[in-house]
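Engineer: Based on what follows, work out the 3D shape:
(one chain, ligands or ions: 1)
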Amino acid sequence: MKHYIGIAGTNSRHSTNRQLLQYIRQHFEDLATVELVELDDLPLFYKTTDRSVPAEATALAAKIEAADGVIIATPEYDHATPAVLSSALAWLSYHIHPFAGKPVLITGASYGALGTSRAQAQLRQILESPELDARIMPSAEFMVGHSLQAFDEQGNLEDSTLTKQLDGLMRDFGIFVDLNAQLTNSLAAAKPEWHETAETEA
Ligand SMILES: Cc1cc2nc3c(=O)[nH]c(=O)nc-3n(C[C@H](O)[C@H](O)[C@H](O)COP(=O)(O)O)c2cc1C
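Structural biologist: The predicted structure is shown next:
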């Protein structure tokens, strides 16, 4: 049984992206456990004078490191990822590297028809940056458009085309996680560079 961390890229109380992750957690419990984490405890990112990282960020980093993969559900604000998500990812790349080599599945929900396609593209670019260096599930863009109407009262996704797509995606993500475990060579090559940078800065 795989264990994933689910991150909704929001600090809103009510979120259809959180709803999407809750649906994934419940609907795929035969494939994986999904632990949902919140980002609103993390301070807005700033560079610390001693390169320390807040305890909330190291705690989240430890969960990500221990997990088999991460599922992110991003809203879209002004064609971009929400600031709370970008800020969290900055902490998670600041002298710590929990995403390095970590399989990530990007999803998203938004009220409009285009369902976060621009935010997802931006998130993919951020996660591919050298200090994050995540392994993003290829050829996968799962978008829930008109997300306020997408779930029934029990929290189930109503559109059967979407549920079928998600079913395939979740099964393939498990295979991707297994395949990714073999891709260790480039990762080993990247880590010394981080240490070198840290030493130069000190
Ligand atoms: C400031 C602001 C900008 C937004 N920009 C977009 C956008 O560019 N694209 C989009 O699909 N929805 C946009 N929306 C609507 C969001 O999809 C919606 O508010 C919500 O964040 C969806 O995610 P949530 O239910 O998890 O909060 C915007 C909403 C706000 C408040």
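Engineer: Can you tell me the SS state at the nearest residue to Asn156 once chain neighbours are set aside?
Structural biologist: Sequence neighbours aside, Tyr23 is the residue nearest to Asn156 in space, at 6.6 Å (criterion: CB to CB, 6 or more residues apart in numbering). In short, each C-beta sits where N, CA and C put it, glycine included. Under DSSP: H, G, I helix; E, B strand; the rest coil, Tyr23 falls in the helix class.
Engineer: Tyr23: how many residues sit nearby?
Structural biologist: For Tyr23, the count of nearby residues is 21 (other CB atoms under 10 Å).
Engineer: residues touching it, list them.
Structural biologist: Each residue near Tyr23 by CB atoms under 8 Å, 6 or more residues apart in numbering is listed here: 151, 155-157.
Engineer: got TSV for the residues you listed, with distance to Trp91 and pLDDT too?
Structural biologist: TSV is the format used below for the contacts of Tyr23 (distance: CB to CB, whole Å; pLDDT from 0 to 100):
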residue	distance to Trp91	pLDDT
Phe151	30	97
Gly155	30	96
Asn156	34	97
Leu157	31	97
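Engineer: Max pairwise distance over the residues you listed: which two?
Structural biologist: The distance between the two most remote of those (CB to CB) is 8.5 Å, for Gly155 and Leu157.
Engineer: Mind checking which of these two has more residues around it?
Structural biologist: Legend: neighbour count by other CB under 10 Å for Gly155 and Leu157, higher for Leu157 (21 against 13).
Engineer: can you pull up the bridge partners for the more buried one?
Structural biologist: Beta-bridge pairing for Leu157 (DSSP bridges): Phe151.
Engineer: pretty sure Thr33 contacts Met1?
Structural biologist: Yes - between Thr33 and Met1 there is a contact at 6.5 Å, judged by CB atoms under 8 Å.
Engineer: Please say which of those two ends up with more neighbours.
Structural biologist: The neighbour count for Thr33 versus Met1, taken as other CB under 10 Å, is higher for Thr33 (14 against 8).
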